[in-house]
Each structure stands twice: as C-alpha cells, then as structure tokens.
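With the input below, show me the fold.
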Amino acid sequence: MNCIRFDSEPELRDQISESLSEYGWCVETEVYSVCKTGRVDLLAKHPQAGTFGLEIKYMENYSGKMLGEAMKQVGRYRRLEYNDWNVDYWAILPETENNRFSHAGTGRGAYHSVMDVFQGTVNQFGIGFLHRQNQEIIYRHVPKEAISLSRPETIDESDHRRLDRVINERQSTP
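Numbering: from 1, shown residues only. Below you'll find the predicted structure:
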C-alpha cells in the first residue's frame, strides 16, 4: 500500500481497494447510501477489525479546502445507512500525486508537516486518518489508537473498546 503510484483519485482508490483485498478485507467502492443521498469512496469489512468507510481526496496543494470537504462528507455519511454495510469507523485519506505537493521548493519534510496537521484535525472529530506508509488508520497519535490494515486479524475486542471510546469522546459533525 505504501508503494502505490497514482495520478488521479480513482486510480488511488482502486489501488487502495486492491491492497486491502490482498490483506483479507472485503472491499466495495463507490457505494451509495440506501436513500441515494451519499456515495462513499470505499467501504471495507473484516470479520475481526470491523467495517470502515473511507473518503479519499486528491489534493494539488497545501490548502485545507479538500480536507474540509472530506470532513463534511464524512459528517453527513455517518448518519446514513448502506445496504449490507454496518459502518463502525470512518476515515479520510487526503493525498497528493505520488506523495508530493506540486509547489516548487517543497520537499518531503513539508509534506509530512502538513499531513501531521491534517491528521490531528480529522482526529479531533473522531475521524481516522489513513496513513499509507504505516498501513493503518490512526484515530489518535499519542497514545496511539489505530486499525492495522495489513494485519487486521490482530485487532481484538479491547482494541475496539478503546477506539470506540476515543471516537465517542471526540465525535461531532464538522
């Protein structure tokens, strides 16, 4: 998952879907809500890890506009129902072309600084942040609360209780 190369949001979504399937997740993309008022980029289910919905945003600069849009969408999607999908967790993947911003003079350090701020922002609303390099969805950085995407079978009931507690403490609609 951390070696994915992409040039568009649909290409990234399809490659994330493929990677999750290889890790044992049941995945569906572009899933409409029962009432047809919402369309989630990706839903993934694992018997031990639970089900998560993922909103992917392909960004071309440092602007938080796309992140804000994704948070607003997740806030709305949380309240909707999806056939055969009881969504336990929600996450966002704000990403740039092949892990880089296109602005001249910005390097890997700038990218990680911005992503750290974005992660902290979404986590404050009980939304996870998909970290491709670590192959996990992070809900809190310290102490770390996360869902392993590459090893979902390692998640147990106590992990679910801790995640639920963190999310419920923070969950509000952006």
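
Where do the helices of this structure begin and end?
For the chain, applying DSSP state H gives helices covering 9-22, 65-77, 108-123, 157-170.

Show me what counts as buried in the third one.
Along helix 108-123, the positions that meet the burial threshold by neighbour count (16 or more other Cβ atoms under 10 Å) are 114-115, 118-119, 121-123. Heads up, the C-betas are built off the backbone N, CA and C, glycines and all.

just those now: which is nearest R132?
Nearest to R132 among the buried residues of helix 108-123, counting by Cβ to Cβ, is M115 at 10.1 Å.

Check the gap between the nearest residue in space to that closest one that is not next to it in sequence and H131 for me.
Counting by Cβ to Cβ, 6 or more residues apart in numbering, M115 lies nearest to P94, which is 7.5 Å off, once chain neighbours are set aside. Relative to H131, P94 is positioned 11 Å away (Cβ to Cβ, to the nearest Å).

Looking only at neighbour counts, state which of the two leads.
Neighbour tally, P94 and H131, criterion other Cβ atoms under 10 Å: the higher count belongs to P94, 23 against 19.

residues contacting that one?
Taking Cβ atoms under 8 Å, 6 or more residues apart in numbering, we find P94 in contact with 57, 59, 66-67, 70, 115, 118.

now with 10 Å?
55-59, 64, 66-67, 69-71, 114-115, 118-119, 121-122, 129-130 (Cβ atoms under 10 Å, 6 or more residues apart in numbering).

what bits of the chain have low per-residue confidence?
Per-residue confidence of the chain (counting by pLDDT under 70) places the weak regions at 1-5, 97-108, 172-174.

biggest strand in it, by residue count?
Residue-count comparison of every strand in the chain, with assignments taken from DSSP state E, identifies strand 50-59 as the longest.
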